[in-house]
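# Got a predicted structure plus its sequence, pasted below:
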Amino acid sequence: MTRNPAITSGAPGVPCVPDDTHDPHAQSWVDSANRADADFPLQNLPFGRFTQPGLGGEPRVGVAIGDEVLDMSRAVPVLGDGGGDVLRAALRPLGAGDLGGFMALGHDAWHAVRAALSQGLRAGSARQPALAACLLGQRELRMVLPCQIGDYTDFYTGIHHATSVGRLFRPDNPLMPNYKWVPIGYHGRASSIVTSGAPVRRPRGQLRAPDQDPRLAPSQRLDYELEIGAYVGPGNALGEPVDIARAEQHLFGVCLLNDWSARDVQAWEYQPLGPFLSKNFATTVSPWVVTLEALAPFRAPLVRPAGDPAPLPYLHSAGNAAAGAFDLQLEVWLHTARARDSGEPAQCLSRSNWAQAAYWTLAQLVAHHTVGGCNLQPGDLLGTGTLSGPLPEQAGSLLELGQAGRQPVAVGGGEQRSFLLDGDTVILRAWAEREGARRIGLGECRGTVVAA
Ligand code: MN
């Protein structure tokens, strides 16, 4: 399977041709990992950090497998036994609870650990008894952020989102003329990034009704944004841009990201410097980081409509064009307080696909972010921007689904929403599925709105 020329061309030593760790028939001795709909089968092996409620102590690194978590603080000696120098050096930060330190090590280290995990957790492994003693139930753990996130940058790669939001405000000129040339982004706020499950307080801000003076009040137009986040692995030195052909060497893995947005605050404040308080009050990420290596079987070409400008040379490589995108299914669900209280399930609001939604790839985002010399650092987080599909019902925000309040959205049980109410829980999900590959998922990213 040579699905991914992206990495073989011009990126020596970096992954992405599926190998033995992606074998769709491989099973784990952890039974729950073998369910057909499991997000975390043997072929995924995502990393996260957790604490055990009631036990205290520093966060530890875990690897999700089925419904369980392999506690790396205990599994490291088992996995490293008989391994080479690269593996033992790679396991050191993982045993010490330092996932950020592991992310900084780069692909050779990531691959060595992935191979050791894949062998150790595979059905028939001689290490089963020793590793089984390192398993904890996912449900008993409290997940925390995977690493210290120094900087967070949010992009705007969803062209259907950019077009439909643009149309709401500029019907005759929906897409700005720079969009197909520049990967648009802004520098976000890292301090308010929280993990799935944390409550999100409705922000106050300046609201301005037409023909009135602005006032300070709780946002009346609170929204979610369906995005993918990507964590930076090894950084680049200040002043030294990253070539697009090597851009993915600098990316460790991806998560789900909800870029909560106060649309009324945003509308009043965003000119001329872009969003500020409307976006910086909370960003929720899913706790498990799925490595780019795990996503190797799900690469997709970067498709541009005929007649669109070719990317400038620093944003183009043959590999990126052939396989720079990811074929990932995305979903937004809403669970209202009323539905929760009456025992009704959450309602799916929309579905889309990352490859169909995004105009720019992760590699292009890294190349663009650094082309002026900006240094990315290990643990930095990049957001894709809202990933809306081409059809109206595939929109990744309520702003679009509800046409800025003009067409309230049915959310089940006779309820409607134009924007989020207190008590609403927003749930993002994502998974990859393809003929000849084992399905893997990103888990979920969940947050409940609480009153201002
Ligand atoms: Mn966003």
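Looks like it arrived, so ask away. Residues are numbered from 1 along each chain as shown.

# thought Leu277 was touching Pro203?
Yes: contact status for Leu277 versus Pro203: in contact at 6.8 Å, counting by Cβ atoms under 8 Å. (Each C-beta comes from the backbone N, C-alpha and C, glycine too.)

# so what's in contact with these two at the same time?
Taking Cβ atoms under 8 Å, 6 or more residues apart in numbering as the contact criterion, the common neighbours of Leu277 and Pro203 are 262, 265.

# For the stretch 151-300 of the chain, list the residues in contact with the ion, please.
Contacts of the stretch 151-300 of the chain with the ion, taken as Cβ under 5 Å from the ion, map to 154, 225, 259.

# Of the residues you listed - the most surrounded one?
Glu225 (28 neighbours; other Cβ atoms under 10 Å).

# Please name the nearest non-neighbouring residue to that one.
Here the nearest residue to Glu225 in space, its sequence neighbours aside, is Asp259; by Cβ to Cβ, 6 or more residues apart in numbering that works out to 4.0 Å.

# Which helix or strand in this protein has the lowest average pLDDT?
Among the secondary structure pieces of the chain, namely its helices and strands, helix 5-8 has the lowest mean (mean pLDDT, DSSP states H and E), a mean of 39.

# For the chain, give the strand that spans the most residues.
Of all segments of type strand in the chain, defined using DSSP state E, the longest is strand 440-450.

# in this protein, which ranges drop under the pLDDT threshold?
Judged against pLDDT under 70, the low-scoring parts of the chain cover residues 1-16.

# Nearest to the ion: which residue in it?
The ion sits closest to Asp259 of the chain, with a gap of 3.4 Å, by Cβ to the ion.

# In contact with that residue, which residues?
Asp259 touches 154, 188, 224-225, 227, 279, 283, 383, 385-386, counting by Cβ under 8 Å, 6+ apart.

# sorry, back to before: helices - which of the residues of the stretch 151-300 of the chain next to the ion land there?
Helix and strand membership here follows DSSP state H; of these, not one is in helices.

# Pipe the residues you listed into CSV and attach distance to Asp85 per row.
Listed next are those as CSV, based on distance: Cβ to Cβ, whole Å:
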residue, distance to Asp85
Asp154, 39
Glu225, 43
Asp259, 41
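
# now, which of those sits nearest Leu70?
Within those, distances to Leu70 taken as Cβ to Cβ reach their minimum at Asp259, with 30.5 Å.

# mind checking the SS state of the spatially closest residue to Met176 that is not a sequence neighbour?
Nearest residue to Met176, sequence neighbours excluded (Cβ to Cβ, 6+ apart): Gly166, at 6.9 Å. Using DSSP: H, G, I helix; E, B strand; the rest coil, the secondary structure recorded for Gly166 is helix.

# Could you list which residues are in contact with Gly166?
By Cβ under 8 Å, 6+ apart, the residues touching Gly166 are 173-176.

# let's go with 10 Å and repeat that
173-176, 179 (Cβ atoms under 10 Å, 6 or more residues apart in numbering).

# Ok, Glu331 next?
Counting by Cβ under 10 Å, 6+ apart, Glu331 touches 226, 256, 348-352, 396, 427-431, 444.

# In these, which residue is surrounded by the most others?
In terms of neighbour count, Leu226 stands highest of the contacts of Glu331 at 33 neighbours, by other Cβ under 10 Å.
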